[in-house]
Every structure is written in structure tokens, then in C-alpha cells.
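**Student:** Can you look at this prediction? I've put the sequence above it.
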Amino acid sequence: MPTTWDIEGYGDFCLTLSRNHTPEQVLTAYGAEPGEARLMSASQCETEIEMTETNAILRAGKVGIWSFCIEFANPIGFSDLILRRLCTHSEAFSMTRSGHAMTIFKYARDGQLIEWFEPRDPQSVYGGSKQAFFDQIQRISPGSSASMASLEVMSGHIGAELTPEILHGPLLTVNVRNPDRALLTRPVPEFQIPARTGTRSGLGRRLGTIR
């Protein structure tokens with residue numbers, strides 16, 4: 001992901017990436033109605049859709065064979081329920097940051113959560129993938145923030161860049177007025193990472209507040 005995307009200017013946000021899905025399928029995974037979505041630029045979204053304390057504004061698009069959904073306030077894409085839908089018979093990422101503070105990186109494949117961690121915090125790593133995403137992020141210059149380093153690693157994996165032009169341009173946009181946040185934050189037991197010998201685990205470190 002290019003450094004020209006100034007993600008540090010945002011507080012809460014969530015980005016998901018999923019392979020071999022259409023943007024419409026991604027919106028469906030979020031519980032939205034694709035038929036209600038409109039192609040809107042970022043500026044149109046800001047002026048025509050009011051952000052409230054309860055709604056979620058989803059903006060979905062495609063880069064190569066990967067589709068993405070980006071939210072910049074009140075995100076719901078961190079949900080294990082949504083990520084499980086996105087990774088069934090596929091693979092998917094979610095990267096969430098809350099209030100310019102904690103960043104959470106998740107990688108899932110074939111209906112299973114594979115890797116979960118806070119970038120740059122070795123004590124938080126739970127699970128692991130053959131791609132070793134945590135280690136890839138660790139090798140990026142400490143001068144790059146956790147969020148930007150995570151974006152760079154995801155970009156390398158999908159073989160495409162989510163540029164500012166894409167993010168600011170027309171994307172399928174839908175306003176989910178009252179998402180069922182209680183359902184979305186509920187743990188999905190069959191989606192949890194199985195314990196494995198040698199896995200660095202962050203159990204007990206705020207896991208329940210994110211899922």
C-alpha cells in the first residue's frame with residue numbers, strides 16, 4: 001500500500017480484503033443490501049450521507065481478483081462473523097484501528113481464523129500462517145507505523161495497491177443505518193484459532209473486546 005495514502009489522518013477505521021468475491025458479495029457478507037448501494041465518490045459520501053452514532057457506511061470496490069471494503073467511522077468489519085463469511089472457500093484480511101490507538105490484524109482462510117495480532121507487539125500473536133504476516137511486518141522499518149506496515153504487507157500478498165485515487169473515487173457505497181452490533185461482536189466459537197504447540201499466544205490480552 002502506498003505511503004501516499006495518509007491513513008494516519010484517520011481515527012477509527014476498518015479495511016477488509018477478500019479474494020474472488022465481487023463488491024456486491026462483500027456488502028452481502030456485511031449484512032447490507034447490495035441493491036441499495038450507489039456508486040459514490042468519497043466527497044459525495046461525505047456530503048450526502050450523514051454519519052450518526054449508530055450507522056455504518058460501507059464503501060466497496062475491487063483491485064485485481066481481490067475486493068475490499070473500507071469504513072472510516074463506527075466500523076463493523078472487525079467482526080469475526082463477517083470475516084468468516086468473507087474467507088469461506090477463499091482467504092481474507094481485516095485490519096482495524098480504534099481511536100488512533102490499537103491496531104488489530106487478522107488473516108483467515110477457508111472458514112478458519114489463522115493469524116491474529118497487534119502489529120509490532122510479539123506478545124499479542126495468536127496462531128500463525130505459512131506467510132508469517134507478523135514477522136513480515138516486523139521486518140519493515142520501525143519508522144513506518146503499525147497500520148502502514150500492515151497495509152504494505154497486505155499489498156504484497158494481494159499483488160495490488162489500494163491507492164488514494166481508488167479510495168477517493170467512485171465505490172459501491174451503502175449506509176447501514178442500524179447494524180446489529182450485539183450480533184456482530186458475539187464470538188464465533190467455530191472460528192477461533194485452535195491451540196497448537198509453539199504458537200505464540202496473546203490469550204487474556206483484550207481478545208474479548210475486539211471480537
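**Tutor:** Cool, got the structure. Residues are numbered from 1 along each chain as shown.
**Student:** which one's the longest helix in this structure?
**Tutor:** helix 146-158 (DSSP state H).
**Student:** now the helices for the chain?
**Tutor:** In the chain, the segments counted as helices under DSSP H are 23-29, 42-48, 80-87, 133-138, 146-158, 164-168, 181-184, 207-210.
**Student:** Deepest-packed of these, please.
**Tutor:** When these are scored by mean count of other Cβ atoms under 10 Å, the highest mean neighbour count falls to helix 80-87 (a mean of 23). Where you see a C-beta, it was placed from the backbone N, CA and C, and this is true even at glycine.
**Student:** can you dump the C-alpha coordinates of that one into PDB?
**Tutor:** Output of helix 80-87 as PDB, limited to C-alpha atoms (Å, rounded to 0.1, in the frame of the first residue of the first chain):
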ATOM      1  CA  ASP A  80     -15.500 -12.500  13.200                       C
ATOM      2  CA  LEU A  81     -18.900 -13.300  11.800                       C
ATOM      3  CA  ILE A  82     -18.200 -11.000   8.700                       C
ATOM      4  CA  LEU A  83     -14.600 -12.200   8.300                       C
ATOM      5  CA  ARG A  84     -15.800 -15.900   8.400                       C
ATOM      6  CA  ARG A  85     -18.200 -15.200   5.600                       C
ATOM      7  CA  LEU A  86     -15.500 -13.400   3.600                       C
ATOM      8  CA  CYS A  87     -13.000 -16.300   3.900                       C
END
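**Student:** Any idea what the nearest residue to residue 193 once chain neighbours are set aside is bridged to?
**Tutor:** Among residues not flanking residue 193 along the chain, residue 127 sits closest, at 3.8 Å (Cβ to Cβ, 6 or more residues apart in numbering). Residue 127 has the following beta-bridge partners by DSSP bridges: residue 115.
**Student:** Show me the strands in this structure, by range?
**Tutor:** If DSSP state E is used as the criterion, the strands of the chain fall at 13-19, 38-40, 56-63, 66-71, 91-97, 103-109, 112-117, 126-127, 171-176.
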